[in-house]
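*Asks:* the amino acid sequence is not available; the structure is as follows:
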């Protein structure tokens, strides 16, 4: 048993016209387990995730957002040190979306689902 899982989702309808930041505090200590992100079009958007505003949780700077409804996935292999990141009670979790990568095609109908395990 891995523990109780919960998911947090975020959606931007239409064509994104600027970068976006989504921040929240989990209700209790948890472990980041999986991220799935996509747009409805072929796009150049990327995202990154942080803990407490500046502590990166990824092995690389950004992860590409999936294209045409096919999600890109970030999991243990993409997380810092190839470990599932832990968030303590009171930590802040942030997703930063670069809506067009390096001045490429803007993402349309961006959706991200982040799965955590309690504890």
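*Replies:* Yep, that arrived. Keep in mind that what you see is a predicted model, and the values were worked out from it rather than measured.
*Asks:* strands paired with the least confident helix or strand in the chain by mean pLDDT, and their directions?
*Replies:* Counting by mean pLDDT, DSSP states H and E, the chain has its least confident helix or strand at strand 55-56, which shows a mean of 90. Looking at strand 55-56 with DSSP bridges, its partner strands are strand 46-51 (antiparallel).
*Asks:* quick one: buried residues of the strand it pairs with?
*Replies:* 46-51 (16 or more other Cβ atoms under 10 Å). Just so you know, the C-beta spots here come from the backbone N, C-alpha and C atoms, and that holds for glycine as well.
*Asks:* how about stretch 57-71?
*Replies:* Result for stretch 57-71 [16+ other Cβ under 10 Å]: buried residues 57-58, 62-63, 65-67, 71.
*Asks:* ditto for stretch 86-102
*Replies:* 87, 91, 93-95, 97-101.
*Asks:* can you check stretch 17-34 too?
*Replies:* Buried residues in stretch 17-34 (16+ other Cβ under 10 Å): 20, 22, 26, 30-34.
*Asks:* just the closest of those residues to residue 42, please.
*Replies:* residue 20 (19.3 Å; Cβ to Cβ).
*Asks:* now do that closest one against residue 75, distance only.
*Replies:* 23 Å (Cβ to Cβ, to the nearest Å).
*Asks:* residue 53 now?
*Replies:* From residue 53 to residue 75 the distance is 23 Å (Cβ to Cβ).
*Asks:* neighbour count for those two, which is higher?
*Replies:* More crowded of residue 53 and residue 75, by other Cβ atoms under 10 Å: residue 75, with 14 against 10.
*Asks:* tell me the pLDDT of the more buried one.
*Replies:* Residue 75 carries a pLDDT score of 94 in this model.
*Asks:* that one contacts residue 36, doesn't it?
*Replies:* No: with contact defined as Cβ atoms under 8 Å, residue 75 does not count as touching residue 36 (9.3 Å).
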